[in-house]
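**Student:** Quick one: sequence plus predicted model below, questions after.
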Amino acid sequence: MKRNRFSEDVAIVVSIVLMLFCAQSCVEVNCPTVVCPTPEPCATCAPWPTSTPTAAAQPTVTPTPTAIPPTPQVILWDDRLTQLGVTIDYAESADFTISAAWLTVDGNWDDVPIWAKKWQNDTLGGAYNAYGRLEYPDGKPTMGAGFVLSWPGGADQRTPETNGWANIPITAGFDWSATAGPYTWAKYGNADKLVGIGLPYPPLPWQIGEMYALGGVHTSFFVVYEYAD
């Protein structure tokens, strides 16, 4: 029994010695080196999807259309009216619009604008009147048109005479260098108005001299209306 045990121990020792010898011999004879395979590179991982911030929706702004101003009305206008402070008060959505306006001094037509002479008539000789006329597109007068002369505290009206003109005397004077005339003359109804007429104190703006308030220069004012489109 002991013999067998001894044999086993010897065998173990011999095995260890042989293993050591083999290892030593392998180093001396350059045993081939076991090379570990190079690991394959990892595939490039796709980046984790990043959430792109969405821009806040902007409200749609509808541009406001630019208002197109109405085409200015062409008016035949005597510049002497402007020098006296006479103006036009334009009516909103007027049914009747002023197409021409001028004046005469002492009933004299020599100094009126050339375009006004087509209305000259021997019966228009009043030296201090307001004259009004409403014309059809063909230039003929509307005989039934009413005209109103108004002033602070009062008013009066007229209809056209046989010559197609309505007329009414004006008597109040005014200092044109300081204020407008007291009268307004207009077609009855929704119409433009000729504002600031009267008898201007002399001298007139286009004359030379010192002003004096001794009555007023005899002046007549003419206005022609047409039907609005």
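**Tutor:** Cool, got the structure.

**Student:** low-confidence ranges in this protein?
**Tutor:** 1-73, 122, 209-214 (pLDDT under 70).

**Student:** what are the ranges of the helices in it?
**Tutor:** 2-28, 79-83 (DSSP state H).

**Student:** buried ones in the shortest one?
**Tutor:** In terms of neighbour count (16 or more other C-beta atoms under 10 Å), helix 79-83 has its buried residues at 80-81. (C-beta placed from N, C-alpha, C; glycine too.)

**Student:** Extract the CA atoms of it and return them as CSV.
**Tutor:** Taking C-alpha atoms only, helix 79-83 is exported to CSV below (Å, rounded to 0.1, in the frame of the first residue of the first chain):
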residue,chain,number,x,y,z
ASP,A,79,-56.0,132.8,-57.9
ARG,A,80,-57.5,136.1,-56.7
LEU,A,81,-59.9,134.0,-54.6
THR,A,82,-57.0,132.5,-52.7
GLN,A,83,-55.5,136.0,-52.1
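
**Student:** Remind me what that helix packs against, helices and strands.
**Tutor:** Applying 3 or more C-beta pairs under 8 Å, 6 or more residues apart in numbering; DSSP states H and E, one finds that helix 79-83 contacts strand 96-105.

**Student:** which secondary structure elements does the strand it packs on contact?
**Tutor:** Secondary-structure packing of strand 96-105 (3+ C-beta pairs under 8 Å, 6+ apart): strand 76-77, helix 79-83, strand 219-227.

**Student:** Tabulate those (a markdown table), appending distance to L149.
**Tutor:** Below are the helices and strands packed on strand 96-105 laid out as a markdown table (distance: least, C-beta to C-beta, whole Å):
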| stretch | distance to L149 |
| --- | --- |
| strand 76-77 | 20 |
| helix 79-83 | 16 |
| strand 219-227 | 10 |
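
**Student:** Mind checking these for the one nearest to G146?
**Tutor:** strand 219-227 (11.4 Å; C-beta to C-beta).

**Student:** Direction included, what does the closest one pair against?
**Tutor:** Partners of strand 219-227 in the sheet, by DSSP bridges, are strand 96-105 (antiparallel), strand 129-135 (parallel).

**Student:** Go through that strand and flag the buried ones.
**Tutor:** For strand 219-227, burial by neighbour count (16+ other C-beta under 10 Å) applies to 219-226.
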